[in-house]
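# give me coordinates for this.
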Amino acid sequence: MRLNVYSQELILDDSDRALEIVTEESEAGTTSGIRMFLHDVDSLRRQPPDDDRSAITFWLPKSRDNRRALISLFSQMAYMVDDAALGEGMDL
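Numbering: from 1, shown residues only. Presented below is the predicted three-dimensional model:
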């Protein structure tokens, strides 16, 4: 599976709440994740408890070792963003 998210869709400022921790209960237990909201059309509004805005949810591993591996992956991604050539991205 490939998921493309364009930088124009990312909420990069503090004008809106772009991240939240989510939890869900299932027969397997409690699962938590980090949800990153994306810019969306004006007709979709946050209506608790059902939020219809576009988002990406990164479901978290339960073990400490796998969480540290996920942290390392996200850290590597952050460094790659910083190292990428300027002028080759997408802006609004």
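# going by C-alpha atoms from here, please, whenever you check contacts or count neighbours.
Noted.
# for burial, what's the neighbour tally of residue 19?
15 (other Cα atoms under 10 Å).
# tell me the phi and psi of the closest residue to it other than its chain neighbours?
Leaving aside its chain neighbours, residue 19 sits nearest to residue 36 (4.7 Å; criterion: Cα to Cα, 6 or more residues apart in numbering). Phi and psi for residue 36, reported as degrees, to the nearest 10, are phi -110, psi 110.
# for residue 23, same thing?
Phi and psi for residue 23, reported as degrees, to the nearest 10, are phi -130, psi 150.
# tell me, how many residues neighbour it?
Per other Cα under 10 Å, the neighbour tally for residue 23 reads 12.
# hmm, what's the outermost residue in this structure?
In the chain, residue 27 marks the outermost C-alpha relative to the chain mean, sitting 24.9 Å out by Cα atoms, centre = their mean.
# tell me, what's the model's pLDDT at that residue?
Looking at residue 27, its pLDDT reads 87.
# rewinding a little: quick one: contacts for the residue nearest to residue 19?
For residue 36, the contacting residues are 18-20, 55-57, by Cα atoms under 8 Å, 6 or more residues apart in numbering.
# farthest pair in these?
Comparing all pairs in the contacts of residue 36 by Cα to Cα, the longest separation belongs to 18 and 57, at 11.6 Å.
# any regions of this structure where pLDDT drops low?
Across the chain, the ranges flagged by pLDDT under 70 are 15-16, 41-52, 89-92.
# strands of that one, start to end?
With DSSP state E as the criterion, the chain has strands at 19-26, 29-37, 46-47, 50-51, 55-59.
# which positions in the first one come out as buried?
Buried residues in strand 19-26, counting neighbours by 16 or more other Cα atoms under 10 Å, are absent.
# can I get that strand in CSV? Just the C-alpha atoms.
What follows is strand 19-26 as a C-alpha-only set of coordinates in CSV (Å, rounded to 0.1, in the frame of the first residue of the first chain):
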residue,chain,number,x,y,z
LEU,A,19,-2.3,16.1,16.3
GLU,A,20,-4.2,14.1,18.9
ILE,A,21,-3.8,10.9,20.8
VAL,A,22,-6.6,8.4,20.1
THR,A,23,-7.5,5.2,21.8
GLU,A,24,-9.9,2.4,20.8
GLU,A,25,-11.1,-0.6,22.7
SER,A,26,-11.5,-4.0,21.0
